[in-house]
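Engineer: Predicted model and sequence follow; I will ask about them next.
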Amino acid sequence: MSDDSQVRRVPTALVIAVVVQTIGGLVWAGGAAARIATLEQRVSEQRLVAERLARLETQGEATAAVVERIERRLEGGGGVVSGEWRVASGEANQAIGRRQARLRSPLAPRHSPLLIQGYASLWGVADLNGDVVQAGAFADSLAKTGAEGVRMLNQHDGRAPIGVWDEVREDERGLFVRGRIEDWSPEARFAAAQSRAGAMDGLSIGYRTARARRLGRLRVLSGVDLWEVSLVTFPMLPGARFSVA
C-alpha cells in the first residue's frame, strides 16, 4: 500500500516541476520580447533623428551656397536673384535702408548730444535728509578739479557715465551746471530719451563732506568735495532740477 502511493506521487511532482519551469520560461520570454521591442523602437527613433539631421545639414549647405552667390553678385555690382524675383542691387540697398529706418529703436545712435542745464544744489535750502549747503561750499573742490573732474552719471551709477559737464560753477543761487548727454551707450540714450520727454528732470550730487556743523536737526555743509552730478528721477533736494537747453 505504501509503495503504490509513492509511485503515484512521483509523476505528480514531475508534472508540477515541468509546469513551473514552463511558466518561468514563458515569463522570461515575454520580458525579453518587451526589451527587444523597446530597443528596436529606440533604434528606429535614432534613425529618424539621424535622417532629419542629414536633411538639415543638406539644407544648410544649400542656403550657404545661395548666400555666397548673392554676396558675389553684390560685390560685382550685379542684381540680386532669388528664384524668379530679381531686384537691382541699388534698389535693394535703398529698400533695406528704408526698412532699417522704420525699425530703428529710439535708443539707436543719433550722433547728436542732448544739451541740458540746471542747478544741482541751492544755497541755504534743506534737502529731505536735513542737509543744507552753504554758499561757497564747492569752491575749493572746483578749484582743484574744474568741471572736467565732475562726472555726469545716471541715478548715481558710477559704472557708465552718460555725458559730460562742460560747466560747473557757483553763482548767487547755487551750483549751476551745464552739459551734454552723449549717445555713446544704451544707458546714455535712454537717459536722453527720458530727459527729452520730461520723464526725468532731477539733479543730485555725489560728494564727500569736507567741513560741516550741526544746527539743530540740520547739518550745514561748508566744504564739499564734489565727485559727480547725477540725473535722477527723484532728487533729494526737490528744487535741484535741469531742463533741456
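Structural biologist: Cool, the structure landed.
Engineer: When you work out contacts or count neighbours from here on, use the C-alpha atoms and nothing else.
Structural biologist: Fine.
Engineer: The helix or strand harbouring Leu231: partners in the sheet, and parallel or antiparallel?
Structural biologist: In this structure, Leu231 sits in strand 218-232 according to DSSP states H and E. Using DSSP bridges, strand 218-232 pairs in its sheet with strand 131-133 (parallel), strand 151-154 (parallel), strand 202-215 (antiparallel).
Engineer: Using CSV, write down the CA coordinates of the helix or strand just after the second one.
Structural biologist: Next in sequence after strand 151-154, counting helices and strands by DSSP H and E, comes strand 163-170. These are the backbone C-alpha positions of strand 163-170, laid out as CSV (Å, rounded to 0.1, in the frame of the first residue of the first chain):
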residue,chain,number,x,y,z
GLY,A,163,27.7,112.5,-20.7
VAL,A,164,30.0,115.4,-19.8
TRP,A,165,29.6,118.5,-17.7
ASP,A,166,31.0,121.4,-19.7
GLU,A,167,30.3,124.0,-17.0
VAL,A,168,30.1,123.6,-13.2
ARG,A,169,30.2,126.9,-11.2
GLU,A,170,28.8,128.6,-8.2
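Engineer: quick one: buried residues of strand 163-170?
Structural biologist: The neighbour-count check on strand 163-170 (16 or more other Cα atoms under 10 Å) flags Gly163, Val164, Trp165, Asp166, Val168, Arg169, Glu170 as buried.
Engineer: contacting residues for the closest residue to the last one other than its chain neighbours?
Structural biologist: Right, Glu170. Counting by Cα to Cα, 6 or more residues apart in numbering, the nearest residue to Glu170 once its immediate chain neighbours are dropped is Phe176, at 6.0 Å. Applying Cα atoms under 8 Å, 6 or more residues apart in numbering to Phe176 gives the contacts Gln117, Gly118, Tyr119, Ala120, Ser121, Glu167, Val168, Arg169, Glu170.
Engineer: now, which of the residues you listed sits nearest Arg159?
Structural biologist: Proximity to Arg159 was ranked across the contacts of Phe176 by Cα to Cα; first place goes to Ala120, at 20.6 Å.
Engineer: where along this protein do the strands fall?
Structural biologist: Listed in chain order, the strands of the chain (DSSP state E) span 80-82, 85-87, 114-122, 131-133, 151-154, 163-170, 174-181, 202-215, 218-232, 242-244.
Engineer: circling back: pull out the buried residues from the strand holding Leu231.
Structural biologist: Residues 219-232 are the ones in strand 218-232 that count as buried (16+ other Cα under 10 Å).
Engineer: Report whether the expected contact of Leu231 with Arg151 is present.
Structural biologist: No: under the contact definition of Cα atoms under 8 Å, Leu231 does not touch Arg151, with a separation of 10.8 Å.
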